[in-house]
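Novice: Okay, here's the prediction I keep looking at, along with the sequence it came from:
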Amino acid sequence: MTSDPQELGQLYSGLAHSLLEAPADDPAAEREYYRLFLSPEGAPCPPWQSVFMAAEGETPRLMGPAHHSALAWYRRYGFEPALETEPADHLGLLLLFYAHLLAAEAPEAEQALFEVQHLAWAPRFIERLERNAVHPRFVALAAELALHL
Amino acid sequence: METYGWLLDQKRCVECRACETACKQWNHVEIGVGVRYRQVRVYEMGVFPQVRMQAQSGSCHHCENAYCMKVCPVKAISRSAADGTVQIDQSKCVGCQQCYAFCPYAAPQFNQRTRKMEKCTMCTDRVAAGIQPACATLCPTGALQWGPWSTISQMGSATTDNFANPKQTTPHIRFVNEPYPGK
Amino acid sequence: MALTRRNLLKSTGAAGAALLTAPGALKGFDEHFRPASAVSAAATKITTCCGVCSPACGLQATVQDGVVQFIEGLPGDAHGEGHLCGKGAAGAGFLYDPDRLKYPMKRTNPNKGFEEDPGWMRISWQEALDTIAGKMKGYVDAYGAESLLFITLPSPDLWARFINAMGIVNRVDHIDVCFQTDRVIQKYTTGGKTWCNDFENSKYILLFGWDLVTKAKIVYANGVVKARSNGAKVVHFSPTYTATSRMSSEWQNIKPGTDLAVALAMINVIVSENLYNKEFVDAYSNFGQYESQIRAHFAEYTPAWAERESGVPAADIARIAREFAQSGGGIAPAHKKTLCANYMNASQLVHAISILNILAGTVDRPGGRYFARALAIPGVDAVYPPPAYPAKKGVRVDGRDKLPFVQETDTGLFSTLADGMLNKYPGQIKMAFWNAYTILGFPNPPRIEQAMKSVEFMVAMDFIPTDTVSMADIVLPSAMYLETNDIVARDYQAKYAQTVARTAVAAPIFETKTAGYVAIELGKRLCPDYFKLADGSWINPNTLLDEKAKRAGLGVDFNQFKAKGMVEAPAPFVPRTSFATGDANNKCQVYVPQFAAKGAEALPKWHPKRDLPSEQYPLYFLTFIPGIHKRNTSENNRILNEIMPSNAVILNPALAKTMSIQEGQAVVIRSRAGQIELPAHLSEIIRPDAVMVAHGFGHRSRYLGAAGGKGARDGDIIADASIDDFLAAGNYAGASCIMDAVCNITPIA
């Protein structure tokens, strides 16, 4: 396991992109991506913190506290999500930003606080992904997320 | 110290629950954890066809003799020196629900997630800013009004049907019980 | 959490680095993040309109960082009068529903059903629109425009243009249907939409079933409160005791479906005792011209007869008729359509109610029903005149062409659609486009579901995954009312013109779009001549809105109007003296010769409701819309769901006792249409010969996080109809048959 901040950043960045973008090279994997994350009919693993928490019976709203808090974090570091019409609490965005904190060697206290505020729900998300993933690529993603988060 | 209270004219209440949803919104009250600071309760009386109904919008009435304060074992409930409202300190509350058990109006409620008690704050932030609590602001028919207790306490009656004896706790709510004019 | 990073920190102790704000060096970072823009932390209040129900009360949304924090009323607004109801105040619960549809999607599994995985794939708007346009073109070329069906909630002018340009004849629109019966009747009795009610000046208000207080439309609820505060008398005829009954001076516990009998008997009393407003009736109605027919017609409808039908004592009917006529300000309001008394005989009921208003002499007079003095906002066809529309040809599957007065208004029929699609014209409809409507809105939803399964291609545009979405081939995510711009005229309380800007409080979330956008995009692909302007550019919705604002005199463009928020033109109320009913002398018509000329009844006759209690089904089945919910669209709003998450079967304790039913016990309700199961709720507000179930529950889509799987559909008990049923019942104005069901109940041990 690497200990280089840049390499570690790339690792989390890679995980983030697997959550943010549907696979373009494999139709079965693409379909699996939409089924798991974006199905209009209640995806089993919605990647937005507020949507996921709603599925878990908590904070059932978009653009709630998790969105505002994530946005404040991004802005404090001079960034904003490129899509302003989507909530800022997408796990992929959170992981990508976390990767940035690592690669930029942000203070440990900052990194730890971000984890507490925005990645505490990740294990529950990963559990669901493990339970629901069928396509090998997403079974592997679940395992990898579980290993690193 | 200026204190405040509500005046409820039940014959004007259309059960639309704007008071409830406005409260929920303004105070960011969590949904699905069993907490509704304000509730419109509808009571049926009599037997068909001699039936009557009564709608009662209620919350914490910030009683002068607040039982909840007296029974709280950890002194988490106190009276604000600024406006006389009764407030629960979330950092002290242990969720024992004694306040609920003793409140005649079921005002303090148990948040199933935080496992602490919450209740109406009388929108102290709005009041401090010179505007009415959310409930009275939204009420479309004027059924629920709010104002200085020195004025409200002189209006209407101290009690109404299905309301616990106000002599016990001196709640800051009064009721208009007169019917509409004419037939 | 065992983060990999933790191991790193322990081994390297890396800490204390300065905050880095340089662009990320990480691969792909810039695809998802951009440099932060300047953000104002200040909250702003935006003036806009509610969109939960049709009065669209003015509201102010407090917005911080693009997110709505609080919603309250708009001071000075004629509809909300500065306030909102519980649904309106809970607007954020719709806007930020976590189940909102987010992107266009297509189905990849052709097998449909609640147990099937549709295999949804995200597609671009471009692909979605191309696919829909391609399918539509294919069906029109092969089978004609009559093979397309549009079921819509809102019908913005751009949609109407598209539908007209395509020559689409099969269209069922909630707005049309909701207005339909009253529209037909008012057209020929008063000459237009007299659906503003001057309650505050009324002296005597007659409510035939209409539960207007409980429905919590502020403009109505406040009207009744004001009327009573001013000393008016309010009489509520209703088989259940509701908030409206509580707020009335008198409640008459009427037998379901017999409001018509009472209204006819009241006309009998007023006419036979000459209590009508002679001045108005002589000057402004055709009563005199048809006096002998009218007197002879109503002679048989005596209060004693009406008592036998309705259970309302004859003496009370006569007394109420006299009080109403002599009050000097009587009003019998009708809802846009058919009151709460939504029975098959409501065509006649609405006619009778209109006659009562004419006899009271309050049509467009203080205290009565009046025409809205609303600002006319030009539609797209006025701003950009279209080429001539093609003639509408082909079979109307709902059979509305058999009802000439309904056909005139070019509206559709919910109740007969399934029968037309399954029995009369099976296979005709190849494609259905649903906009913001669900199968819950139909009587007997399983039948419309079956009809939809016979359709080859289905599109659903909505904001949450309703049961309809589950059946679709393409799903289009819809923007919400708080995310759109429009010009909204006040027309429920409109003694003078007042217009409010609907202003998007935030950009549409995710990839949601408006119905107007879809109409333009499909128009570009399918009927470009109607969507291309003289200079060759396409109709642009923003420019269109600017033009509308300018032409209506609201500002130089929409932005200027938006900055004003509200524009009004106070003016004295000048009562109408001419009524465009088709009468040669422009008078209100009590007797409607045009109806007689086309085989309908010139004067309202008694018809019983469709289904009457029988040995097999001894109980009336009633349904209602609770005040905290909006039809079948709000149950997934978490704020509202928490207040009322489900429904029950409401029955009188006396009835429950005869069947040993306890509070909360499961009960099966059966009718000739179907059966549902619900917990019992015992209540003294309902007659012992009826049961009642709230509408709006029983969404089956388990993907509606809050509403899915809760409660049962009232509609499953309500039989749909064929157009022959309508004709046989004399239902010439197309009243639906929502309250006509009868049922039995069986407790489950």
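Specialist: All right, it came through fine. Computed from a prediction, not measured in an experiment: that's the story for all the values here.
Novice: May I have stretch C:285-301 exported as PDB, CA atoms only?
Specialist: The C-alpha coordinates for stretch C:285-301 follow below in PDB (Å, rounded to 0.1, in the frame of the first residue of the first chain):
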ATOM      1  CA  SER C 285     -82.700  36.200 -18.100                       C
ATOM      2  CA  ASN C 286     -85.000  34.300 -20.500                       C
ATOM      3  CA  PHE C 287     -87.200  33.300 -17.600                       C
ATOM      4  CA  GLY C 288     -90.100  35.300 -19.000                       C
ATOM      5  CA  GLN C 289     -89.800  33.900 -22.400                       C
ATOM      6  CA  TYR C 290     -90.100  30.300 -21.200                       C
ATOM      7  CA  GLU C 291     -92.100  31.000 -18.000                       C
ATOM      8  CA  SER C 292     -94.900  28.500 -18.700                       C
ATOM      9  CA  GLN C 293     -92.400  25.700 -19.500                       C
ATOM     10  CA  ILE C 294     -90.300  26.500 -16.500                       C
ATOM     11  CA  ARG C 295     -93.200  26.600 -14.100                       C
ATOM     12  CA  ALA C 296     -94.700  23.300 -15.500                       C
ATOM     13  CA  HIS C 297     -91.300  21.600 -15.500                       C
ATOM     14  CA  PHE C 298     -90.400  22.200 -11.800                       C
ATOM     15  CA  ALA C 299     -94.000  21.700 -10.500                       C
ATOM     16  CA  GLU C 300     -93.400  18.000  -9.900                       C
ATOM     17  CA  TYR C 301     -90.200  18.600  -7.900                       C
END
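Novice: How far does it sit from its chain's centre?
Specialist: Averaging C-alpha positions (Cα atoms, centre = their mean, to the nearest Å) puts stretch C:285-301 35 Å from its chain's average.
Novice: Spatially central, which residue of chain B would that be?
Specialist: Residue closest to the mean C-alpha point of chain B, counted by Cα atoms, centre = their mean, is B:Ser59 at 2.1 Å.
Novice: Pull up the distance across stretch C:496-512, start to finish.
Specialist: The straight-line separation of the ends of stretch C:496-512 (Cα to Cα, to the nearest Å) is 36 Å.
Novice: cool, stretch B:139-155 as well?
Specialist: Note: stretch B:139-155 ends 19 Å apart using Cα to Cα.
Novice: Contacts for stretch A:118-129, please.
Specialist: With Cβ atoms under 8 Å, 6 or more residues apart in numbering or on different chains as the test, stretch A:118-129 has contacts from A:36, A:44-45, A:47, A:49, A:52-53, A:56, A:66, A:69-70, A:73, A:89, A:91, A:94-95, A:98, A:138, A:141-142, A:145-146, A:149, C:1, C:3. All C-beta atoms are positioned from the backbone trio N, CA, C, and that covers glycine.
Novice: list the buried ones in stretch C:742-749?
Specialist: By neighbour count on 16 or more other Cβ atoms under 10 Å in any protein chain shown, the buried set for stretch C:742-749 is C:Val742, C:Cys743, C:Asn744, C:Ile745.
Novice: for stretch C:169-183, that is, sorry about that
Specialist: Buried, per 16+ other Cβ under 10 Å, within stretch C:169-183: C:169-174, C:176-183.
Novice: Tell me if C:Cys178 really is in a helix.
Specialist: Yes - according to DSSP: H, G, I helix; E, B strand; the rest coil, C:Cys178 belongs to a helix.
Novice: How much space separates it from C:Gly368?
Specialist: 22 Å (Cβ to Cβ, to the nearest Å).
Novice: show me what contacts the residue of chain B found nearest chain A?
Specialist: Distances between chain B and chain A by Cβ to the nearest Cβ are smallest at B:Ile31, namely 5.8 Å. Residues near B:Ile31 by Cβ under 8 Å, 6+ apart: A:Thr59, A:Pro60, A:Arg61, B:Lys24, C:Arg638, C:Ile639, C:Glu642.
Novice: Does the closest residue to A:Ala143 other than its chain neighbours lie in a helix or a strand, and which?
Specialist: Excluding the flanking residues, the one nearest A:Ala143 by Cβ to Cβ, 6 or more residues apart in numbering or on different chains is A:Glu130, at 7.6 Å. Secondary structure assignment for A:Glu130, by DSSP states H and E: helix A:122-132.
Novice: could you give me the average pLDDT of that helix?
Specialist: Averaging pLDDT along helix A:122-132 gives 96.
Novice: Report the buried residues of the next helix or strand after that helix.
Specialist: Heading C-terminal from helix A:122-132, the first helix or strand you meet, by DSSP H and E, is helix A:136-148. Using 16+ other Cβ under 10 Å as the test for burial, helix A:136-148 gives A:Arg137, A:Phe138, A:Leu141, A:Ala142, A:Leu145, A:His148.
Novice: Throw those into JSON lines and include pLDDT and distance to C:Phe208, thanks.
Specialist: What follows is the buried residues of helix A:136-148, written out as JSON lines (pLDDT from 0 to 100; distance: Cβ to Cβ, whole Å):
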{"residue": "A:Arg137", "pLDDT": "96", "distance to C:Phe208": "64"}
{"residue": "A:Phe138", "pLDDT": "97", "distance to C:Phe208": "60"}
{"residue": "A:Leu141", "pLDDT": "97", "distance to C:Phe208": "62"}
{"residue": "A:Ala142", "pLDDT": "96", "distance to C:Phe208": "61"}
{"residue": "A:Leu145", "pLDDT": "95", "distance to C:Phe208": "63"}
{"residue": "A:His148", "pLDDT": "90", "distance to C:Phe208": "68"}
